[in-house]
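[1] model this:
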Amino acid sequence: MNFKVLTFLLVFFLAFGIQAQEIVTGLQRNEAVKLKYDKLQEQNQLKQSDSENTTSITLPFFDDFETSSVYPNQNIWQGYSVFVNENFPYFPPNINAATFDALDSTGKIYGNAVWIPFEADVLTSQPIRLDSVFSPITRALSPSDSLYFSFYYQPQGYGNAPEEWDTLILEFASRGPIEFQYMDSVLVFGYDYLASDQDTIKPGDTLYAPLGCNPEVKTVVYEYLTYNDEFMVACDSVFGPSTVWNKMWYANGMTLDTFQLKNGGKSFVQVMIPITDTIYFYNQFTFRFRNYASIANDIIPSWRANVDEWNVDFIYLNYNRNASDTTYQRLTFSDRAPSFLKNYQVMPYRQYRADPTNNLRFEFPMYISNLDKIEHNTKYEYTVQQVNGNFGYSYNGGNCNLPPFYVGGFQNCESCQKHACPAVQSAFNFDYTRDTTSYIIKHYISDSSESNILVDSAIYTQGFYNYYAYDDGTPEYGYGLEPAGAQLAYQFNLSIPDTLWGVQMYFNQVVEQANVNFFNLIIWRDNNGKPGEVAYTLPSQKPQWADGLYHFYTYEFESPIILSGTFYVGWQQLSFGSLNIGMDANNDNANKIFYKNGQNWINSNFPGSLLIRPIIGQNMILGTAKNEFESLSQRIKLYPNPAASYFSFDSQILKDNATATVYIYSVYGSLVSQQQVNRPTVNIDNLSPGLYVVKISSNNNIFTGKLIIQH
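    Got it, this is the predicted structure:
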């Protein structure tokens, strides 16, 4: 029996017991791929053309996928099925690699996907000139020119491990016997076949090929055509050599742990293949990678998922190489630039300002590698610049020697602390005029030579918005629980008391929407490090999706909740079937994820971060309140704040015996109170606890402030 089927059968039976079970699956639809594919389809119609007339690219052929996003570079590759990204590869030679999986070019699971191995992604090169080289002089290529093909590969990465029968294959194309390729056609006009402009070519008419074409070729017409219409008719059959795909290399699937154990701890392994057979030395040479995948059986549809990831990087084809030509004159960042925050990728600016010391990292890791065969003296620095602001600073890490990666691995903290483990040199600024802000952090590595300088960079946007996020916004997995009644809770911590008014969630889209099951969205208060008293329940919700690339759906609360310290966001599901919430595998916060096992809350067994984001405090106006007046108003202090039965404002607003109209808006922008006052005190006895926006209009002036009501 297929291991995947056995695993899911086991969980199926366990699900009818008392205890909750965790389930982790892959993506079932990649929205990044789908959206970019749709855009490309709008801009370009994919056309088939005569490959013999296509201009071939010349050597060297090289791609490290660093400058591509979502799809491979179409100047050197054909097709869109592989996913170029920085999320699935685990410490690649440089940021980005090509990921092979069970998703097609639009981001959906392949239509032919079954539980036994099926052909999935294909990455095919554009035609390459292997018959000749053109520099320094034009001459023919031959096996004596020592032509080598090389690439790095990795099973699983941050994704799902391919089973032993789920293979990755490399094939080279050679020319086979002459065979029919296609029917050539030419452009003609109606007057080439009609005697006058009063005549018409009718559906079913047969047109012979024009002069210069094969006189025996005919075209049957399926529409009405007039004297001045232009259209295509068949001209002649075109024959050419067939393509024979020859298997040059393959790898059986395995876990990343097993792969590393077999390869001396390496996360990626480089393969070197000499090209010695003369059948490949022609002017339209192509090669391709293919993977075979096998999805789980559909016993429970909400568990079916993308699986069996492979990552490929640094594909290089050139002559005058040898078997030991495995290095590159490159300094690279292998992993993405990190957040400067200790726990979060994003957090509310107000919460950061309240406790910057405990919210900032002291230092952070940078994975810098030297892919060359010689040691380089390297320089490292980073810069921080506030977006639309004046705050900024730079960090100079000085110089360090960096040996080749195959000798010493990544730059390490013992030999070069300022490069491998640089400090967060300064706190971000405390801009009290802003509710949100962000900073661009740019990292640079270079060698100290004065010519042919090697440089690489990595960029991170540090956001302080109106939500908390442990995740980076991209789900490599889907996370779920079984059975009905199972509960999940996700821990967050406030620096100071604040207001929770909703939760953003990203559910993976599932084949035939099989995860649209009801759940109660629940907020818990803390009880000694685990979920305790229920603070709020939003009943009978379903997974929903917002338009756009990985856009979260917002579940809004009827009334905002005032919280302090530690709280938990999660759900209790009301029916059988995994909800399949997105799970980021690059950031491990399993110690913040709890699920209820019978009567007890226990930590998750799976490393990662859920795509669940509580929306906190400031800058949360959705309706007319902000759009119509806040940008034109003057801010005013309201006190006491929080308030219980009344609040006051600056009496100078009512100078010269003026009156004022006080408008109070909910966080959703709806008007909940309007009062005419002649003194600087406003009664709020009839308003529920929560966060409000107050607008005061007097003497043609508008003043606004934010008010928390807490009875």
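[2] what score does the closest residue to residue 403 other than its chain neighbours have for pLDDT?
    Take residue 403 and drop its neighbours on the chain: the residue closest to it by C-beta to C-beta, 6 or more residues apart in numbering is residue 375, 4.9 Å away. (C-beta placed from N, C-alpha, C; glycine too.) At residue 375, the pLDDT value in this model is 94.
[3] got a list of what residue 375 touches?
    Listed by C-beta atoms under 8 Å, 6 or more residues apart in numbering, the contact set of residue 375 reads 401-404.
[4] return the member of those residues nearest to residue 139.
    If you rank the contacts of residue 375 by distance to residue 139 using C-beta to C-beta, residue 404 comes first, at 33.3 Å.
[5] pull the residues that contact stretch 266-277.
    Contacting residues not belonging to stretch 266-277 are listed as 89-93, 130, 143, 146-154, 170, 172, 174, 248-249, 256, 259-260, 263, 311, 313-314, 323, 325-326 [C-beta under 8 Å, 6+ apart].
[6] where does the chain dip in pLDDT?
    1-19, 23, 25-54, 296-305, 450-452, 510-515, 547-550, 618-633, 667-669 (pLDDT under 70).
[7] centroid-nearest residue for it?
    Taking C-alpha atoms, centre = their mean, the centroid of the chain lies closest to residue 474, which sits 4.1 Å from it.
[8] give me the element the nearest residue to that one once chain neighbours are set aside is part of.
    Using C-beta to C-beta, 6+ apart and skipping the chain neighbours, the partner closest in space to residue 474 is residue 87 (4.8 Å). Following DSSP states H and E, there is no helix or strand that holds residue 87.
[9] ok, residue 87 touching residue 583?
    No. The pair residue 87 / residue 583 is not scored as a contact, 11.7 Å apart, by C-beta atoms under 8 Å.
[10] shared neighbours, these two?
    Both residue 87 and residue 583 are in contact with residue 476, where contact means C-beta under 8 Å, 6+ apart.
[11] just want to know which of those two has more residues nearby.
    A direct count of neighbours by other C-beta atoms under 10 Å for residue 87 and residue 583 places residue 583 higher, at 27 against 21.
[12] residue contacts, the more buried one?
    By C-beta under 8 Å, 6+ apart, the neighbours of residue 583 are 24, 475-479, 606, 608-611.
[13] now with 10 Å?
    Residues in contact with residue 583 (C-beta atoms under 10 Å, 6 or more residues apart in numbering) are 24-27, 471, 475-480, 506, 508, 593, 604, 606-612.
[14] tell me which stretches of the stretch 401-550 of the chain form strands.
    Using DSSP state E, counting those that start in this stretch, the strands of the stretch 401-550 of the chain run over 437-447, 455-464, 477-482, 487-493, 498-505, 519-527, 530-541.
[15] distance from the second one to the middle of the chain?
    The gap between the average C-alpha position of strand 455-464 and the chain average comes to 16 Å, counting by C-alpha atoms, centre = their mean, to the nearest Å.
[16] now the element after the helix or strand containing residue 154, going C-ward?
    Using DSSP H and E, residue 154 maps to strand 147-155. Sequence order places strand 168-189 as the next helix or strand after strand 147-155, per DSSP H and E.
[17] strand partners of that following strand, parallel vs antiparallel please.
    strand 230-251 (antiparallel), strand 287-293 (antiparallel) (DSSP bridges).
[18] quick check: angle from the shortest one to strand 147-155?
    It refers to strand 287-293. Strand 287-293 and strand 147-155 are oriented at 20 degrees to each other (axes from the mean of the first three to the mean of the last three C-alpha atoms, to 10 degrees).
[19] count the neighbours of residue 66 for me.
    20.
[20] dump the residue contacts of it.
    Neighbour list for residue 66: 84, 86, 92-97, 313-314, 330, 332-333, 456 [criterion: C-beta under 10 Å, 6+ apart].
[21] swap in 8 Å and give it another go.
    Shown in contact with residue 66 (C-beta under 8 Å, 6+ apart): 94-96.
[22] ok, back up a step: which stretch among the strands paired with strand 168-189 comes nearest residue 106?
    Among the strands paired with strand 168-189, strand 287-293 comes nearest to residue 106, with 16.4 Å by C-beta to C-beta.
[23] could I get the CA-only coordinates of the helix or strand containing residue 672 as CSV?
    Assigned by DSSP H and E, residue 672 falls within strand 671-677. Below are the C-alpha coordinates for strand 671-677, written out as CSV (Å, rounded to 0.1, in the frame of the first residue of the first chain):
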residue,chain,number,x,y,z
LEU,A,671,-21.5,56.7,13.3
VAL,A,672,-22.7,55.5,16.8
SER,A,673,-23.3,58.8,18.5
GLN,A,674,-23.8,62.5,17.6
GLN,A,675,-24.1,65.1,20.3
GLN,A,676,-24.3,69.0,20.4
VAL,A,677,-22.3,70.3,23.4
